[in-house]
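1. below are the sequence and a predicted model for it; my questions follow.
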Amino acid sequence: MATAYYNNDVNEAILQNKTIAVVGYGSQGHAHAQNLRDSGSNVIIGLRPGKSWNKAEEDGFNVYTVQEATKHADVIMILLPDELQPVVYENEIKPELTSGKALAFAHGFNIHFSQIQPPSDIDVFMAAPKGPGHIVRRTYEDGSGVPGLFAVYQDASGTAREVALAYSKQNGAGRAGIIETSFQEETETDLFGEQAVLCGGTSALVKAGFETLVEAGYQPEVAYFECLHELKLIVDLMYEGGLEGMRHSISDTAQWGDFQAGPRVITEDTKDSMRDILEDIQSGRFAKSWIIENQANRPEFNATNARESEHQIEQVGRELREMMPFAKNKGGVERAKN
Ligand SMILES: NC(=O)C1=CN([C@@H]2O[C@H](COP(=O)(O)OP(=O)(O)OC[C@H]3O[C@@H](n4cnc5c(N)ncnc54)[C@H](OP(=O)(O)O)[C@@H]3O)[C@@H](O)[C@H]2O)C=CC1
Ligand SMILES: CC[C@](O)(C(C)=O)C(=O)O
Ligand SMILES: [Mg+2]
Ligand SMILES: [Mg+2]
């Protein structure tokens, strides 16, 4: 079994006299910055002027350009969108990356696919929460945490591993478990997870279920509750107790239906598709297509995004959530509207 490190296993003193620059103040950036500050670290923010800059200042941080922040910091955590990291790195980070500094990531894409090639006299590590940034912050505040992975790509100082673990602990991951990985494993599994299961697979499953019910003449509102809203409640049970915990709480009728229908929905063909998706990731084909899509200013990404937001499930959901204030205005919602 993999070793999981918890708060008592990790000595965070190594961060005591270091300045940490969190570059980017979006989903992950605001969470890392606030969690590490609340854990006692000296955190500054690197940004361009704009919305995030104002937000970070409102939250009480000293905000600098990315280049200035890199210059002042010992640890530079890059929390920019993956597709923007290489150009910001070349223009603003690399010129200030003097020997002895550490460059950090929350996802291995740019190192693993060689879009960023750091000099050999710095440390390069990853501290990757296994969850969305807004939940990383929310769980830190409520005393729990999101599990994390850490990896060392380059250890020029001899202390990169210790720093990566301390960073992960200060971000709240030591409450839930921190596991060592490699940049390759984190990159490939993270991309696979979000594509096949967590985001792509789940969105497609929810939409297909909703469409099946609506096309059969059922009310869209009932279909929304059944196929989207209730998913969270069922997944909460899985989160707490695995599949068996969920099955303990549902009716025996539902459990029999689960056993009978599940394999009819997710078939061997579906698993073949999953293997194809994994192969696209491992071979670099997915990364290449994402890089090309960005170079072309995202024509397919933008068109799909616009089409998806007009789907009937989204329209119905917006109306129904108006009546559920407890389900609204949590982290992530504002971002989804932009
Ligand atoms: N989202 C998540 O929960 C997870 C993300 N990750 C990884 O974390 C990293 C960050 O992703 P995420 O948090 O989603 O990113 P977001 O898109 O939420 O945030 C991006 C931030 O970068 C800033 N930014 C964009 N362009 C520039 C620029 N040219 N110069 C300076 N600042 C800029 C934005 O500011 P502005 O307001 O100016 O646009 C914003 O603050 C990625 O590597 C991702 O894979 C890992 C685990 C989960
Ligand atoms: C599941 C999506 C994710 O990998 C994440 C929140 O962990 C991401 O890249 O945002
Ligand atoms: Mg992820
Ligand atoms: Mg990801």
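-> Received it, and whenever you're ready, just let me know what you need. In this text the structure is predicted, and so the values were computed from the model without any measurement. Ligands and ions are numbered 1, 2, ... in the order given.
2. name the helix or strand for the residue of the stretch 101-250 of the chain found nearest ligand 4, please.
-> Nearest residue of the stretch 101-250 of the chain to ligand 4 (CB to the ion) works out as Asp190 at 4.4 Å. C-beta coordinates here come from the backbone N, C-alpha and C atoms, glycine included. Per DSSP states H and E: Asp190 is located in helix 183-192.
3. and that helix, anywhere near ligand 1?
-> No - shown here: helix 183-192 not in contact with ligand 1 (CB under 6 Å from any ligand atom), separated by at least 7.2 Å.
4. off-centre distance for that helix?
-> Chain-centre distance of helix 183-192: 12 Å, with CA atoms, centre = their mean, to the nearest Å.
5. what's in contact with that helix?
-> Applying CB atoms under 8 Å, 6 or more residues apart in numbering, the external contacts of helix 183-192 come out as 107-109, 111-113, 126, 128, 149, 151, 153, 274, 277-278, 281-282, 286.
6. can you say which of those residues are buried?
-> 107-109, 111-113, 126, 128, 149, 151, 153, 274, 277-278, 281, 286 (16 or more other CB atoms under 10 Å).
7. out of those, which are inside strands?
-> Met126, Ala128, Leu149, Ala151, Tyr153 (DSSP state E).
8. neighbours of the residue of the stretch 101-250 of the chain closest to ligand 4, how many?
-> By the other CB atoms under 10 Å criterion, the neighbourhood of Asp190 contains 20 residues.
9. this protein against ligand 2: which residues are in contact?
-> Counting by CB under 6 Å from any ligand atom, the chain sits next to ligand 2 at Gly131, Pro132, Asp190, Glu194, Leu198, Cys199.
10. where exactly do the helices run in the stretch 151-300 of the chain?
-> 160-170, 183-192, 200-215, 220-224, 230-249, 252-265, 268-283, 285-295, 299-309 (DSSP state H, counting those that start in this stretch).
11. before we move on, what about the stretch 1-150 of the chain?
-> 27-38, 51-58, 66-72, 85-88, 109-112, 133-141.
12. turn these into CSV, columns for mean pLDDT and distance to Leu205.
-> Shown next, in CSV, are those (pLDDT from 0 to 100; distance: least, CB to CB, whole Å):
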stretch, mean pLDDT, distance to Leu205
helix 27-38, 98, 23
helix 51-58, 98, 33
helix 66-72, 98, 39
helix 85-88, 98, 31
helix 109-112, 98, 25
helix 133-141, 98, 21
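13. quick one: which of these is nearest Ser249?
-> For the helices of the stretch 1-150 of the chain, distance to Ser249 was read as CB to CB. The smallest value, 22.2 Å, belongs to helix 133-141.
14. how about that closest one: buried residues?
-> So for helix 133-141, counting by 16+ other CB under 10 Å, buried means Gly133, His134, Ile135, Val136, Arg137, Arg138, Thr139, Tyr140.
15. hmm, back to that, winner for burial among the helices of the stretch 151-300 of the chain?
-> helix 160-170 (a mean of 25; mean count of other CB atoms under 10 Å).
16. that one to strand 148-154, inter-axis angle?
-> In terms of direction (axes from the mean of the first three to the mean of the last three CA atoms, to 10 degrees), helix 160-170 departs from strand 148-154 by 160 degrees.
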